[in-house]
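> no FASTA, just this:
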């Protein structure tokens, strides 16, 4: 990539917006995934019996089952949330940056 | 979403219908349906290979299927790479044996995917061409970084291949009654055919078909189990606990202490993001948009698959355990208890017989065989790419090589890797190979991932830092696996392990990151300054994809 082009894109407000919005969004989602997973796995490590609590009086199903399923579904849902926003809003911004470069 | 649902529902109906019609085939003829279905699968996939071979004309076609795979197809193929026979049989077997612990394990395998999407997939697609070393060496010195990355890739691939070949030999021996060596050679030869002739296009479609068959079969089994309990998890669990005790509903001993828990989590999360055969798939789609969709679909398929294996494991508890048909009488006479034929990992296979008779057992056995073939093909292609693209074209020829010649080298590398895999498979038959997949993940997490990740995001990364830090991570991972309980105690027969934890990733990943950081910031050479100056342009391309299109078509 040519130096002039690098300077031009670097100073493009759309580029700045894209990078700052996407970085903070992906960072937030990454942290939320890490928090959810580590909360799950550390609960198991520190207090294994907690997830063994029955869902209701007399039930053999433990709260660990829906919680485990929820972690799986959470992982899927946040990839969906990211993909939707990135393929819409972020790609629109990206296309503006690309168009500006073409005019150059 | 609708597409996935229709896909799965239609698939499972098709399977359901055939299972119901053919369920009454005579007993003990158990190998015939399996072999017939396997032959059909091999015939169909060889047909695809023939079709793909005609379309594989350049190195780009060979490595990336021409870059024309859609996000949905790629998501299915990625999920297929991940749903190996080991994870299908292993995780359902673990659920069968330990209940809830199986779920903990599978969740660990899943949570790396969102992180790959948020951090890796896009820059990888925008910066790379054929291998992840393209990205790692983008602004660093080609020769040393390519060599290190290729070494990390080949080591991961070979370890994984050993595990797959040994597993496949034993499984096929058990399911089809073939001799171990025959099974290993058969897998090796078919895999060489797919990859050398059909390249990535054939490898991808073999993977997609197998993923579809596996998901359909597993869906049918899960539905059949749930139908017995009027689709009530409560009744299924109640019956299972009557047979195995209530402790199967809670975490058991899989994750015993916090250090092991964190270390396993890191190995699984960062390991996935450093597996070359997975990373390679991101180059088969046209752009970052499709790369994102790939991860979305893959995460959905994999998550769904793990929920199915959980139900299948419990299904095996209620329908296989205690069923005299599947009892290993000889083993019971020695060890007592209620061991099943072929061990816990056969739980899903026996369940397929229990719910669908001989015909469905044949179907699942054929799918398990197909799974092995598809996974070893992807692995071998990743290894061959590292040899031909990173070592031959970039290091030896310094990039001055035409596409046809590079493809030829890649095909030779495939044949060599295939032969190595066959030999290793036979050599390791009687060995304890429990450590190899763990080691592959540890290397991927401690050497491949830190270099890849920091090359994308850290301006001050230098060749020296990547090289020394990456090697330190690699060496630490290997050393700690050798000194740990699995190799040092179980295999070498020492009384206590020098390194007390099974999973070294927590330590080796930290060593790698610290090493890379330290040897980068203390690098005051002109080279280091140039590499830092080149970051801006690389970052812009990684974020926007500008320049990526030009580089991928040539």
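Now that the structure is in, tell me what you want to look at. Quantities reported herein were computed from a predicted structural model and do not represent experimental measurements.
> and the longest helix for chain A?
The residue-count maximum for a helix in chain A (DSSP state H) belongs to helix A:13-46.
> buried ones in that helix?
Using 16 or more other CB atoms under 10 Å in any protein chain shown as the test for burial, helix A:13-46 gives A:14-15, A:18-19, A:22, A:25-26, A:29-30, A:33, A:36-38, A:40-41, A:43-45. Every C-beta, even on glycine, is put in place using the N, C-alpha and C of the backbone.
> One more: stretch B:456-474?
B:456, B:458, B:461-474.
> What of stretch B:410-419?
Applying 16+ other CB under 10 Å to stretch B:410-419 flags B:410, B:411, B:413, B:414, B:417, B:418 as buried.
> tell me the mean pLDDT over it?
The average pLDDT within stretch B:410-419 is 95.
> which residues touch that stretch?
Residues outside stretch B:410-419 that contact it (CB atoms under 8 Å, 6 or more residues apart in numbering or on different chains): B:59, B:62-63, B:157-158, B:161, B:188-189, B:191-192, B:195-196, B:380-381, B:383-385, B:387-389, B:392.
> Tell me how far it lies from the chain's centre.
20 Å (CA atoms, centre = their mean, to the nearest Å).
> Need the three-state assignment for residue 94.
You didn't say which chain, so I picked chain A. Counting by DSSP: H, G, I helix; E, B strand; the rest coil, the backbone at residue A:94 sits in helix.
> I was after chain B.
Going by three-state DSSP: residue B:94 is helix.
> so what's it closest to, chain neighbours aside?
Nearest residue to residue B:94, sequence neighbours excluded (CB to CB, 6 or more residues apart in numbering or on different chains): residue B:102, at 3.9 Å.
> Contact partners for the closest residue to chain B within chain A?
Per CB to the nearest CB, residue A:52 is where chain A lies closest to chain B, at 2.9 Å. Taking CB under 8 Å, 6+ apart, we find residue A:52 in contact with A:62, A:64, B:247, B:249, B:250, B:251.
> Quickly check: the longest helix of chain A near chain B or not.
Yes. Judged by CB under 8 Å from any CB of the partner chain, helix A:13-46 comes into contact with chain B through A:15, A:18-19, A:22, A:26-27, A:29-30, A:33-34, A:37-38, A:40-42, A:44-46.
> for that helix, what is the average pLDDT?
The average pLDDT within helix A:13-46 is 93.
> any idea how far that helix is from the chain center?
With CA atoms, centre = their mean, you get 5 Å for helix A:13-46.
> quick one on the thing from earlier: give me the distance between the residue of chain A closest to chain B and residue B:315.
22 Å (CB to CB, to the nearest Å).
> And residue B:108, by the same measure?
Distance, residue B:108 to residue B:315, by CB to CB: 22 Å.
> and if you look at residue A:21?
46 Å.
> mind listing what the residue nearest the centre of chain A touches?
The centre of chain A sits closest to residue A:29, judged by CA atoms, centre = their mean, with a distance of 2.9 Å. Counting by CB under 8 Å, 6+ apart, residue A:29 touches A:78, A:81, A:82, B:114, B:118.
> For those, which entry has the maximal number of neighbours?
residue B:114 (30 neighbours; other CB atoms under 10 Å in any protein chain shown).
> give the contact list for that residue.
Residue B:114 touches A:29, A:30, A:33, A:75, A:78, A:79, A:82, B:295, B:299, counting by CB under 8 Å, 6+ apart.
> mind checking which helix or strand it is in?
helix B:112-115 (DSSP states H and E).
> do residue B:381 as well
Element membership for residue B:381, per DSSP H and E: helix B:347-385.
> The helix or strand following that helix: how far from the chain's middle?
Downstream of helix B:347-385, the next assigned helix or strand under DSSP H and E is helix B:403-427. On the basis of CA atoms, centre = their mean, helix B:403-427 sits 19 Å off its chain's mean C-alpha point.
> Show the subsequent helix or strand relative to helix B:403-427.
Next along from helix B:403-427, by DSSP H and E: helix B:434-443.
> Average pLDDT for that next one, rounded please.
According to the model, helix B:434-443 has a mean pLDDT of 84.
> Any buried residues in it, and which?
Neighbour-count burial for helix B:434-443 flags B:435, B:436, B:437, B:438, B:439, B:440, B:441, B:442, B:443 (criterion: 16+ other CB under 10 Å).
> what's the following helix or strand past it in contact with?
Toward the C-terminus, helix B:434-443 is succeeded by helix B:449-457 as the next helix or strand (DSSP H and E). The set of residues external to helix B:449-457 that reach it, using CB under 8 Å, 6+ apart, is B:119-120, B:123-124, B:127, B:132, B:135-140, B:145, B:148-149, B:152, B:270-271, B:273-274, B:279, B:461, B:466, B:469-470, B:473, B:509, B:512-513, B:516, B:542.
> Just give me the residue right at the centre of chain B.
Mean-position check on chain B, CA atoms, centre = their mean. Result residue B:82 at 3.9 Å.
> Among the contacts of residue A:29, which lie within strands?
Judged by DSSP state E, strands contain none of these.
> List the buried residues in the helix or strand harbouring residue B:174.
When elements are assigned from DSSP H and E, residue B:174 belongs to helix B:142-176. For helix B:142-176, the neighbour count (16+ other CB under 10 Å) marks B:142, B:144-176 as buried.
> and if you look at stretch A:81-95?
Quick answer for stretch A:81-95 (16+ other CB under 10 Å): A:82, A:83, A:85, A:86, A:87, A:90, A:91, A:93, A:94.
> Quick one: neighbours of the nearest residue to residue B:354 once chain neighbours are set aside, just the number.
Nearest non-adjacent residue to residue B:354, counting by CB to CB, 6+ apart: residue B:319, 4.4 Å away. Counted with other CB under 10 Å, the neighbours of residue B:319 add up to 21.
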